[in-house]
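Trainee: using only what follows, build the 3D model:
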Amino acid sequence: MNSLPFFEESTMEKTYLRNSFELMPAEILLYVVNCLHTREIKQFSRVNKRARNVCSPFLFHTVRIDFSSAGFDILDGFLHSHLHQHIRSFQYTIPQLLKPAIRNYERFKTDFLSPEDYVETCEGYDYVDGNEDWEELEYLGGDHPSYTRVYKTIRRRCAEQRSIIDTGRDSKLLTLAFNQFFNLKELNLLFCGVQGASWEIEYQEVCRMMEQDAYVHHVQLVLNADPAHLLATLRRSFAGKPKVELFDDSSHHAGGTCTGPTACWKRFSIGFVVLYKPEST
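Mentor: This is a model prediction of the structure:
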């Protein structure tokens, strides 16, 4: 019997606090959240739906993806949720593209990496009889891959790249993103070289498996993805003329600014490009 009044009082107090929170002006909540650290914002966002809505712009303001099926799955998920309205910064990491001919095994053996060249680049082999199956050559020690694994791994990566391009998935999703990210203030293109494990990258570079103009597709796609809308969106973020700033992959300045992305692209084949970056405040 004595616990009932306490229970009623506690319930009433909780109800009062909940109602007070729901009636609190959004400006005050935003001010409070702005003073919190990221971990505290995440905890506060779990209080209720309103807290989640207030915290969302602070938690989901940046999207980072790379040119891959997994990366575009992430982007697709954002575009089909309400979170896209909060995105202010978009970073797109793009690799050099592999030559489509790699997918043909005969072309791979003759034009890129022959079994003989593979053996010459390897160390730690026993004598190999000419009658042995070249495809099954294995290192005697270490974690180095067989010739078969080299081909299958690089072919799989090349096939993934061509599938994205041939189906136009990158073009469709990026165009949609630039139209839906109406609060976008910064667009970063990060040129990362080739993709894969260290041994895979070594074979791709030594055997020159990358297309000659490996980044042109990516840059042209971004510029064609509704550029008028993108430029208008980014211009609202700051006063003055849009700039293109070039950096190397260590984020050190690599050389000035210019007024057009195409001009910069011709001058620098690889680097960290920030398109229309707003002035710091």
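Trainee: list the buried residues for stretch 218-225?
Mentor: 218-219, 221-222, 225 (16 or more other Cβ atoms under 10 Å). Heads up, the C-betas are built off the backbone N, CA and C, glycines and all.
Trainee: just the ones in strands from these, please.
Mentor: Per DSSP state E, strands hold no members of the buried residues of stretch 218-225.
Trainee: those residues in helices, which ones?
Mentor: Within the buried residues of stretch 218-225, residues falling in helices by DSSP state H are 218-219, 221-222.
Trainee: can you add distance to residue 158 and give these back as a markdown table?
Mentor: A markdown table is the format used below for these (distance: Cβ to Cβ, whole Å):
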| residue | distance to residue 158 |
| --- | --- |
| 218 | 16 |
| 219 | 20 |
| 221 | 18 |
| 222 | 22 |
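Trainee: ok, so of those residues, who is nearest residue 56?
Mentor: Nearest to residue 56 among those: residue 222, at 26.4 Å, using Cβ to Cβ.
Trainee: okay if I get the buried residues of stretch 218-225 as a markdown table plus distance to residue 66 and pLDDT?
Mentor: Compiled in a markdown table, the buried residues of stretch 218-225 are given as follows (distance: Cβ to Cβ, whole Å; pLDDT from 0 to 100):
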| residue | distance to residue 66 | pLDDT |
| --- | --- | --- |
| 218 | 11 | 85 |
| 219 | 15 | 79 |
| 221 | 14 | 83 |
| 222 | 14 | 80 |
| 225 | 17 | 74 |
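Trainee: number of residues surrounding residue 55?
Mentor: Neighbour count for residue 55, taken as other Cβ atoms under 10 Å: 22.
Trainee: specify the local secondary structure of it.
Mentor: At residue 55, secondary structure determined by DSSP: H, G, I helix; E, B strand; the rest coil is helix.
Trainee: for residue 204, see how far away it is.
Mentor: The spacing between residue 55 and residue 204, counted by Cβ to Cβ, to the nearest Å, is 43 Å.
Trainee: likewise for residue 76?
Mentor: From residue 76 over to residue 204 the distance is 28 Å, taken as Cβ to Cβ.
Trainee: neighbour-wise, which of the two wins?
Mentor: residue 204 (26 against 16).
Trainee: got a list of what that one touches?
Mentor: Applying Cβ atoms under 8 Å, 6 or more residues apart in numbering, we find residue 204 in contact with 98, 154, 194, 196, 210.
Trainee: of those, which is the most crowded?
Mentor: residue 98 (25 neighbours).
Trainee: isn't that residue right up against residue 210?
Mentor: Yes - the pair residue 98 and residue 210 passes the contact test of Cβ atoms under 8 Å, sitting 6.2 Å apart.
Trainee: who touches both of those two?
Mentor: 194, 204.
Trainee: state the number of residues packed around residue 68.
Mentor: Using other Cβ under 10 Å: residue 68 sits among 17 other residues.
Trainee: do you know how far it is from residue 157?
Mentor: Distance, residue 68 to residue 157, by Cβ to Cβ: 9 Å.
Trainee: and if you look at residue 115?
Mentor: Distance of residue 115 to residue 157, computed by Cβ to Cβ: 20 Å.
Trainee: looking at those two, which has the bigger crowd around it?
Mentor: residue 157 (20 against 14).
Trainee: hang on, the more buried one packs against residue 196?
Mentor: Yes - with contact defined as Cβ under 8 Å, residue 157 counts as touching residue 196 (6.1 Å).
Trainee: that'll do, ta.
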